[in-house]
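Visitor: let me see the structure of the following:
(chains A and B)
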Amino acid sequence: MKFTASINVMPHKALLDPQGKAVTHSMKNLNLEQIQNVRIGRHITLEVEAGDENTAREAVDTACKKLLSNPIMESYDFKLEQA
Amino acid sequence: MKFGVVVFPGSNCDRDMEHVLGNVMDQKVEMLWHKEHDLKGCDFIVLPGGFSYGDYLRSGAIARFSPIMQEVLDFADKGGFVLGICNGFQILTEAHLLPGALLHNNNRQFICKNVYITPSTKNSLLTSGISENKAMKIPIAHGEGNYFANDDVIRELNGNDQVLFRYCNSNGEITADSNPNGSLENIAGICNKQRNVFGMMPHPERAADFIQGNEDGKVIFESILNIVNA
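Guide: Numbering: from 1, shown residues only, chains lettered A, B, ... in the order given. So this is what the prediction gives:
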């Protein structure tokens, strides 16, 4: 079975996110002062071939832990759907 | 003494390192392509600066899983010496050979300039030959050099004397103003607990030959050779 994973990787809230901060500042230039606390992460999609959903979930989880995110600076979550 | 300099796609300080080790320090140097599985009998491995794999995903994240890195992990595990400069430091943290992580510089800019660093310990291969409180002028060139680790790790680094260098001013004083990138406690370089794996963001290989107009970094290579050749 083929599954599609949609993964979000976000910088930890406690850490400074300079990218988000720069974008927050630029909201002023759009006269959108009401927009605050922009935080920028990464969205990743991938396909995984697996016998069942649990096996697919484990593979995606391993990929997130080992490569797609760095737990020191980021957290992740993902949704898995059968393709 | 045979040095191995790993070349990843996107490495760009590998030839500078080869020049300093080979021509300035008169050592044997082997260039090791990232797809190889053999360290070719090298006694000391250097991961050079650059943008391995385009710095995609996170700096060093993809390089960490390259074939040669599996050999470097084994080598380090057995006590072999490994030094990572800049992108090499980022790769070593991604590989968990060194604790912590290098975040985006706190000012969001790529910073390329001379800074000053001072040794924080005498007890390391890199710093044993450097006089205490010396301010060394060494260039940095990075977008992600903001050293971060949780409080426990920072406490452990300090407790075990694992901090090699801190950013300082030209008088050797460690001040907030002399911290170029937001690194915790001005940390510019560290080693592992076993003291055989070293990482630093500044580039001593760009300041180790008279023709570069700055030889402040040469003492680091001299320190290494003084100990390993003793």
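Visitor: can you give me the end-to-end span of stretch B:30-38?
Guide: 11 Å (Cα to Cα, to the nearest Å).
Visitor: so which bits of that stretch are buried?
Guide: Residues of stretch B:30-38 classed as buried by neighbour count (16 or more other Cβ atoms under 10 Å in any protein chain shown): B:E30, B:M31, B:L32, B:H34, B:E36. Using the backbone N, CA and C atoms, a C-beta is placed for each residue, glycine as well.
Visitor: what separates that stretch from the chain centre, distance-wise?
Guide: Computed by Cα atoms, centre = their mean, to the nearest Å, the chain-centroid distance of stretch B:30-38 equals 19 Å.
Visitor: quick check on the nearest residue to B:N150 once chain neighbours are set aside: phi, psi?
Guide: Nearest residue to B:N150, sequence neighbours excluded (Cβ to Cβ, 6 or more residues apart in numbering or on different chains): A:I72, at 7.7 Å. Torsion angles at A:I72 (phi, psi; degrees, to the nearest 10) stand at phi -70, psi -30.
Visitor: which stretches of chain A form helices?
Guide: Applying DSSP state H to chain A gives helices spanning A:18-27, A:53-63.
Visitor: got the residues of chain A near chain B?
Guide: A:L15, A:L16, A:P18, A:Q19, A:K21, A:A22, A:L67, A:L68, A:N70, A:I72, A:M73 (Cβ under 8 Å from any Cβ of the partner chain).
Visitor: so how do I select the buried members of those residues in ChimeraX?
Guide: Applying 16+ other Cβ under 10 Å to the residues of chain A next to chain B, the buried members can be selected in ChimeraX as follows:
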select /A:15,16,18,21,68,70,72,73
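Visitor: mind putting the residues of chain A next to chain B into JSON lines with distance to A:R39?
Guide: What follows is these, written out as JSON lines (distance: Cβ to Cβ, whole Å):
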{"residue": "A:L15", "distance to A:R39": "10"}
{"residue": "A:L16", "distance to A:R39": "10"}
{"residue": "A:P18", "distance to A:R39": "11"}
{"residue": "A:Q19", "distance to A:R39": "9"}
{"residue": "A:K21", "distance to A:R39": "9"}
{"residue": "A:A22", "distance to A:R39": "12"}
{"residue": "A:L67", "distance to A:R39": "22"}
{"residue": "A:L68", "distance to A:R39": "18"}
{"residue": "A:N70", "distance to A:R39": "16"}
{"residue": "A:I72", "distance to A:R39": "17"}
{"residue": "A:M73", "distance to A:R39": "13"}
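Visitor: which of the buried residues of stretch B:30-38 sits closest to chain A?
Guide: B:H34 (16.1 Å; Cβ to the nearest Cβ).
Visitor: contacts only, for that closest one.
Guide: Counting by Cβ atoms under 8 Å, 6 or more residues apart in numbering or on different chains, B:H34 makes contact with B:V6, B:V7, B:F8, B:P9, B:S52, B:A63, B:S66, B:P67, B:I68, B:M69.
Visitor: longest strand of chain B?
Guide: Assignment by DSSP state E gives strand B:111-119 as the longest strand of chain B.
Visitor: isn't B:G84 right up against B:L102?
Guide: No: here B:G84 lies out of contact with B:L102, judged by Cβ atoms under 8 Å, at a distance of 10.5 Å.
Visitor: phi, psi of the residue of chain A most remote from its centre?
Guide: The C-alpha centroid of chain A is most remote from A:N31, which lies 28.0 Å away (Cα atoms, centre = their mean). Per-residue torsions, A:N31: phi 60, psi 40 (degrees, to the nearest 10).
Visitor: my guess is B:Q90 contacts B:R64. True?
Guide: No: at 9.1 Å, B:Q90 does not count as touching B:R64 under the criterion of Cβ under 8 Å.
Visitor: which SS class is B:M69?
Guide: helix (DSSP: H, G, I helix; E, B strand; the rest coil).
Visitor: pLDDT score assigned to it?
Guide: At B:M69, the pLDDT value in this model is 97.
Visitor: again, but for the one 5 residues further on
Guide: B:D74 is assigned a pLDDT of 98 by the prediction.
Visitor: surely it is within a strand?
Guide: No: under three-state DSSP, B:D74 falls outside any strand and is assigned helix.
Visitor: and it, how many neighbours?
Guide: By the criterion of other Cβ atoms under 10 Å in any protein chain shown, B:D74 has 11 neighbours.
Visitor: for B:L21, same thing?
Guide: 25.
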